[in-house]
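> Take this sequence and fold it.
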Amino acid sequence: MRARPPVAAAALLLALGATAGCLGGPVPALTGRTPDPAPPAPAVVTGDVRPADRAAVRDGGTLRWAVDSVPATLNVHQPAATADSALIAHALYPALFRPDAHGEWTPDPDYLTAAESTPPGQLPQVVTYHLNPRAVWSDGTPLSAADLIAQRAALSGLDPAHPAAGPAGYAAVDSIVQGADPHEVKVTFRQPCGEWQALFGPLYPAAETATAAAFGRALPGGTAHPTAGPFLVDGYDPAGGRATLVRNPFWWGEPAKADRIEFLAVPAERRTGELALGRLDLAPLTTAVERAGADPAEALRLAGSLPGVTLHRAAGTGLAQLTLNAGRETLTDPVLRRALARAVDRRHAADAALTPFGLPAAPLGHHLLAGDQPGYRDDADALGGADPGRMLDTAGWKRPATGGTRARGGRELALTLLVPAGSGTLRRAADAVAADLGAAGAAVRVTEAPADAFVRDRLAAGDWDLALFCWPAGPGPAGEQRPVYAKPRPGPDGVPVAGRNYARAGTEEIDRLFDRAAAEADPAARRSLLQEADVRIWQLGHSVPLFQRPELMAVRDGVAGTGVRGLARPRLQDLGWSAP
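The predicted structure is shown next:
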C-alpha cells in the first residue's frame, strides 16, 4: 500500500521553512556533558488556540490572514500544493472527517449524518457513508458516490495515467458503489484499512478528478470549479498575492461568521510591520522572528508586545529529528549508530531550540507521534542504558590516550551534520548535538544547505552523514509515516531506492508493523503496533527524535477561535470578531 499524505511533497520543506532564521548564536560546547538517557518529557501541548463559542462571535466583518503565497492550486495532492493550499481548500471543499486537537478523527456533520465500518476482523471491510442530503456543490449537484469513485481512481496509484498517489488507503479500496439511496455510499476494501477516516478529505468534485487531464490542471477555485464549503472564492490572484473568500449563499450548515476572509501573501519579514499598522489580523510569525537580524530575541519581545495583538506560541506539529545516514560507509554499522544516538542529550537540543521562544524544553521521545497524541510514550530506553563511550569502544572506535577524536583502523570518527540554511532553531539544536557527540569523541562539523535545495539536492542525494530536519506529525501515523521508515527496495538497476527514507535504514519487521497498524481497525491495538514500530526504529539507530518545533501565530485582539492550531483543523466558518 503506497502512502503519500496531502501536500506531502511540500510538508517537509514547510516544516523547515517555518523554523528558518536565527534566534541567537551557537550553543557553547559543553565538554564532558553526560547525556540523559531517557529524560521524562514534560507535558507537551500541541497548539495554543483562543477558544470561542460561536454565540460570542458576531456576524460580519473581514479577516485578513497572512500566507506565504497564494498557491497555484487548491488540489492538495498535486506536486505544486503547499500548506496554504490545504488551509484555503478546507474552507471550500468537504472533509468527511476532521482531526481534533489530539489528532483524533471525528465525522463532520455538515457532510456526514453517519459512517460506520464493519467490525474488526470481518472481511471484507465495508465502510458505509451516509452523506448529508443537504450537501451540494456550488453548481447545485449533490455530493454523491461519483465524487468518491473518481477521487479513489485518481489517488489509488493503480492507474498509471494519473500523476499522483494519495494517502494510504486509496489503493486498498476494491470498489465504491451507491447504497440504498443516492446519499448512501459503500466502500469495500480489498485489504483492511484502519485509518479509513483519513480518506476523502478534502473531497473534490468528480469533474476535477475523473480524468488524468482534469486532475492535473491547477485548481484555483471560482465559478468554473464547483466547491462545497462555507465559503466561495470571490477573487483569486496568485500573481497579485490575494485570495478572497466570501460566504457561500448556498451553504446548508451553520453560516460563516465573517463576511470575508482575505488571504494575503506577505513576506515573513514584513508581517510584524503590517500587524503594527493594522493591516493584518492573523499572521504566522515563526519565520519572521527568526529572520529578524542581529537581535532576533528582541524581535520576539517586540512581536509579543505589538499593540492590540496577542502572540500565541506552542510546540507545533513538526517533529525535529537527527537522522543518521546508514548509506554512508562509516554509519553502516548499527552499533555505531546506536552509540551516537545514546550520546545525544535530547534535553540539551530541546533547550537550545525552544527556550528562546519561551517554551518548555520538552524533549521528544517518539518518532511517530507528537507529545499529546494518544499513545505517545518516550521510547528512548529502547537504546539500552549502556554508556555511549563503551558502546563506541565496542564498535571499534577507540579514543586516544590523550583524548580527542576517536578512530578505527587509522580513520577518525569525523562526521558532517547537515541543516537547512536560515533555520536558527535547527542550527542551535545542531550545535548542541555536535557538542554532545564531540564530548563522546566524534568530530562533528555542522554544514548548511539552501532551504529550497535541502531535500532535492542534499537529503535525496545522500551526500551527508547526519542531518537535522522536521517531519510533520499527523492524525494517521500508520499510513503517513510508513514511507519515512520503509526499508529501501532495489530499483531496476539493483541499487536500493531510498524514497523518503533518507536514513536508508529499514527492516522487514518495521515494514510489517506499519502494515499491520495500517490494517488495524481497533485504535488501541493500532497504537500498540505503532509503539512496537517506534521501539524498533530506535533500536535500528535510524534517527533521534529531539523536539517539536515551535510555532508562533499573531492574532489581533477581538479575533476569536484561532491561534496555533496544532493537529486540529480549523472550522473557518466559526472564526470571526468577538461580539462587543
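> helix or strand for A467, which one?
Element membership for A467 (DSSP states H and E) is strand 466-472.
> Quick check: mean pLDDT of that strand?
Averaged across strand 466-472, the pLDDT comes to 96.
> packing partners for that strand?
If contacts are counted by 3 or more Cβ pairs under 8 Å, 6 or more residues apart in numbering; DSSP states H and E, strand 466-472 sits against helix 8-17, strand 309-324, strand 414-420, helix 424-439. No exception for glycine: its C-beta is placed from N, CA and C like everyone else's.
> relative to helix 424-439, how tilted is that strand?
Relative orientation of strand 466-472 versus helix 424-439 (axes from the mean of the first three to the mean of the last three Cα atoms, to 10 degrees): 140 degrees.
> Convert the C-alpha atoms of strand 466-472 to CSV, please.
What follows is strand 466-472, C-alpha atoms only, in CSV (Å, rounded to 0.1, in the frame of the first residue of the first chain):
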residue,chain,number,x,y,z
LEU,A,466,23.9,13.3,9.9
ALA,A,467,21.0,15.7,9.2
LEU,A,468,18.6,17.6,11.3
PHE,A,469,15.2,18.5,10.0
CYS,A,470,11.5,18.1,10.7
TRP,A,471,8.8,15.6,9.7
PRO,A,472,5.1,16.7,10.2
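> quick one on the thing from earlier: can you say which of the helices and strands packed on strand 466-472 is nearest to E480?
Each of these has some distance to E480 by Cβ to Cβ; the shortest is helix 8-17, at 8.1 Å.
> Neighbouring strands of the strand holding A467 in the sheet, and parallel or not?
In its sheet, strand 466-472 lies beside strand 309-324 (antiparallel), strand 414-420 (parallel), with partners assigned from DSSP bridges.
> Among those strands, show me which one is buried the most.
strand 309-324 (a mean of 24; mean count of other Cβ atoms under 10 Å).
> Strands of the stretch 201-350 of the chain, start to end?
If you assign secondary structure with DSSP state E, counting those that start in this stretch, the strands in the stretch 201-350 of the chain sit at 231-237, 242-247, 260-265, 282-284, 309-324.
> The stretch 401-550 of the chain now?
If you assign secondary structure with DSSP E, counting those that start in this stretch, the strands in the stretch 401-550 of the chain sit at 407-408, 411-412, 414-420, 443-449, 466-472, 489-490, 496-497, 543-556.
> Would you tell me which of those strands gets closest to Q373?
Between these, strand 543-556 lies closest to Q373; by Cβ to Cβ that is 10.7 Å.
> Longest helix in the chain, please.
When every helix of the chain is counted residue by residue (DSSP state H), the longest turns out to be helix 523-540.
> wait, doesn't R338 sit right on T394?
No - in terms of Cβ atoms under 8 Å, R338 does not count as a neighbour of T394; the distance is 10.1 Å.
> which one of the two has more residues nearby?
Neighbours were counted for R338 and for T394 using other Cβ atoms under 10 Å; R338 has more, 23 against 12.
> what about the residue nearest to the more buried one when sequence neighbours are not counted, neighbour count?
Computed as Cβ to Cβ, 6 or more residues apart in numbering, the closest residue to R338 that is not its neighbour in sequence is G541, at 4.3 Å. Around G541 sit 23 other residues, with neighbours defined as other Cβ under 10 Å.
> if I look at G541, how far off is A326?
Plainly put, G541 is 8 Å away from A326 if you go by Cβ to Cβ, to the nearest Å.
> any common contacting residues for the two?
Both G541 and A326 are in contact with 334, 337, 505, where contact means Cβ atoms under 8 Å, 6 or more residues apart in numbering.
> who's in contact with Y170?
When contacts are taken as Cβ under 8 Å, 6+ apart, Y170 is in contact with 151-152, 155-157, 199.
> Quick check: the farthest pair among those residues?
When the contacts of Y170 are compared pair by pair using Cβ to Cβ, the two farthest from each other are G157 and L199, 13.7 Å apart.
> Between those two, which is the more surrounded one?
Relative neighbour count places L199 above the other of G157 and L199, with 26 against 16, counting by other Cβ under 10 Å.
> where's the more buried one relative to E480, distance?
Using Cβ to Cβ, one gets 13 Å for the distance from L199 to E480.
> what do you get for Q573?
As for Q573, its distance to E480 is 27 Å (criterion: Cβ to Cβ).
> Which of those two has more residues huddled nearby?
With other Cβ under 10 Å as the criterion, Q573 and E480 differ in neighbour count, and E480 comes out ahead with 25 against 22.
> In TSV: the strands paired with strand 466-472, plus mean pLDDT and distance to E184.
Formatted as TSV, the entries for the strands paired with strand 466-472 read as follows, by pLDDT from 0 to 100; distance: least, Cβ to Cβ, whole Å:
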stretch	mean pLDDT	distance to E184
strand 309-324	95	34
strand 414-420	97	48
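> So for A579, which of those sits nearest?
Proximity to A579 (Cβ to Cβ) singles out strand 309-324 among the strands paired with strand 466-472, at 17.8 Å.
> ok so, going back, quick check: the residue nearest to R338 touching L322?
No - with contacts counted by Cβ under 8 Å, G541 stays clear of L322, the gap being 10.8 Å.
> Need the overlap of contacts for those two.
Taking Cβ under 8 Å, 6+ apart as the contact rule, the neighbours common to G541 and L322 are A341.
> got a list of what the residue nearest to R338 touches?
Applying Cβ under 8 Å, 6+ apart, one finds that G541 lies in contact with 324, 326, 334-338, 340-341, 505.
> which of those residues count as buried?
Among the contacts of G541, those classed as buried by 16 or more other Cβ atoms under 10 Å are 324, 326, 334, 336-338, 340-341, 505.
> Tell me which of the strands of the stretch 201-350 of the chain sits nearest to P124.
Closest to P124 of the strands of the stretch 201-350 of the chain is strand 309-324 (Cβ to Cβ; 33.5 Å).
> Now do the closest one and helix 523-540, the angle between them.
For the pair strand 309-324 and helix 523-540, the angle between their directions (the same axes, to 10 degrees) equals 60 degrees.
> Run through the stretch 101-250 of the chain and note the low-pLDDT ranges.
With pLDDT under 70 as the threshold, the stretch 101-250 of the chain has low-confidence stretches at 163-165.
> Show me the helices in it, by range?
145-155, 206-209, 212-216 (DSSP state H, counting those that start in this stretch).
> next one: the stretch 251-400 of the chain
The residue ranges that make up the helices of the stretch 251-400 of the chain, judged by DSSP H, counting those that start in this stretch, are 271-276, 286-290, 296-304, 334-343, 346-354, 388-394.
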